[in-house]
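Enquirer: A structural model of the following input is requested.
(4 chains)
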There are 2 protein chains.
Amino acid sequence: MTRAEAADVPDDGAPQTPERLRRLASRLLSQLTTRSDRLINEGLARADARKWHYAVLASLEEYGPGSQATLSRRTGIYRSDMVGVLNELAGRGLVERAPDPDDRRRNTITISPRGRRRLRRLDKVLDELHEELLAPLSPVERDQLMGLLTRLLDHHTPGLTRRPDGPG
Amino acid sequence: MTRAEAADVPDDGAPQTPERLRRLASRLLSQLTTRSDRLINEGLARADARKWHYAVLASLEEYGPGSQATLSRRTGIYRSDMVGVLNELAGRGLVERAPDPDDRRRNTITISPRGRRRLRRLDKVLDELHEELLAPLSPVERDQLMGLLTRLLDHHTPGLTRRPDGPG
DNA sequence: AACAAACGTTTGTCGCACTAACGTTGTCGG
DNA sequence: CCGACAACGTTAGTGCGACAAACGTTTGTT
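Expert: Numbering: from 1, shown residues only, chains lettered A, B, ... in the order given. Model (predicted):
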């Protein structure tokens, strides 16, 4: 039960959102993200996973093993929260956490074969969920959207350094 | 102090976000919304306001006085949370809360002259903040973005009814 | 040897969306 | 008229995500 059906909640005609609110890009973003997050979270929950799982697994497969701090930076998950995520992943046998012999402060996190299979599975799940999320948009429009969002995000992301290995 | 500067937090080179994460529309939305929310909230805080204040004031000016439940529906704020918002607004003298003589369950919320002035002020503040938010985009691109977001939001908004007074 | 900085971890905060429940007041069917 | 039910405002609480603060350990630097 995700939606209320108890007794209150009238739900009469159209909500009549004020013009001023409909014009606010920030509000549009918030509202849409709320719904998007819900969609994604519920979909992943059905597969016994969370966004964080995917982020960590993807990061591990693309860049190889790393310390928790490294994973934190790559995924944007705070190191305080990373602990729990890795507990979950390790508990499911999707990653392995071993002390780094070269630097005993660190744990080295490695993706397991099962973790890789999991990642493929989540790739599919997320594909389907995004199909649902972006359903009203044509392929071209989806690209447009991604482009616009990416540019905005980059603009508001601090400490963005040009890649040292630019195009040859 | 919104950003860490204590002692931890290394902040070396580029964060190296995995491809897979960068392709995720849902993630793009989440990340951007986090930053957008922060920008807006901080900006409004400087003016001793919150998003909710604006939403309620705008709704009152556009549709006239209403009960708390009505305002809830118009703004999307839960009626549980509306209580506190109206306390703040009433405390600042921006709205008036009076029992509805026709239906003693209801409170009638009215915007005050001071509330109207406040609304104009917040209009300006939000304009500036959105200028900052959308800085990298041209006017055309901003329209594109709004259009795309609106379509997605509408598609994922439940209980959307066609306006009864459609074109003849 | 002294000190700062990075690591992993625990604990806690804040805001937001949302649920549950309660007492009051209105509406409606018998 | 009366009992059921629904809407109202309000209080309290949940779950989650982003984030801060602090602590013990280890490492690099001077």
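Enquirer: helices of chain A, start to end?
Expert: Using DSSP state H, the helices found in chain A span residues A:19-22, A:25-46, A:51-63, A:68-75, A:79-91, A:113-133, A:139-155.
Enquirer: using PDB, write out every CA atom in the fourth one.
Expert: Output in PDB follows, covering the C-alpha atoms of helix A:68-75 (Å, rounded to 0.1, in the frame of the first residue of the first chain):
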ATOM      1  CA  GLN A  68      35.600   3.000   0.700                       C
ATOM      2  CA  ALA A  69      36.800   6.600   0.500                       C
ATOM      3  CA  THR A  70      37.400   6.200  -3.200                       C
ATOM      4  CA  LEU A  71      34.000   4.700  -3.700                       C
ATOM      5  CA  SER A  72      32.500   7.500  -1.800                       C
ATOM      6  CA  ARG A  73      34.000  10.100  -4.100                       C
ATOM      7  CA  ARG A  74      33.100   8.200  -7.200                       C
ATOM      8  CA  THR A  75      29.500   7.600  -6.300                       C
END
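Enquirer: number of residues surrounding the nearest residue to A:Leu57 once chain neighbours are set aside?
Expert: Computed as Cβ to Cβ, 6 or more residues apart in numbering or on different chains, the closest residue to A:Leu57 that is not its neighbour in sequence is A:Leu119, at 4.4 Å. No exception for glycine: its C-beta is placed from N, CA and C like everyone else's. Using other Cβ atoms under 10 Å in any protein chain shown, A:Leu119 has 20 neighbouring residues.
Enquirer: same question, A:Pro65
Expert: By other Cβ under 10 Å, 15 other residues sit near A:Pro65.
Enquirer: distance of it from DNA strand C?
Expert: When distance is defined by Cβ to the nearest atom of the strand, to the nearest Å, A:Pro65 is 11 Å away from DNA strand C.
Enquirer: low-confidence ranges, chain A, go.
Expert: Along chain A, the model assigns pLDDT under 70 to residues A:1-15, A:160-168.
Enquirer: residue closest to the middle of it?
Expert: With distances taken as Cα atoms, centre = their mean, the residue of chain A nearest its centroid is A:Lys51 (4.5 Å).
Enquirer: out of the helices of chain A, which comes closest to B:Glu42?
Expert: With Cβ to Cβ, the closest approach to B:Glu42 among the helices of chain A belongs to helix A:25-46: 12.0 Å.
Enquirer: so is that closest one next to DNA strand C?
Expert: Yes: shown here: helix A:25-46 in contact with DNA strand C (Cβ under 7 Å from any atom of the strand) through A:30-31, A:34, A:38.
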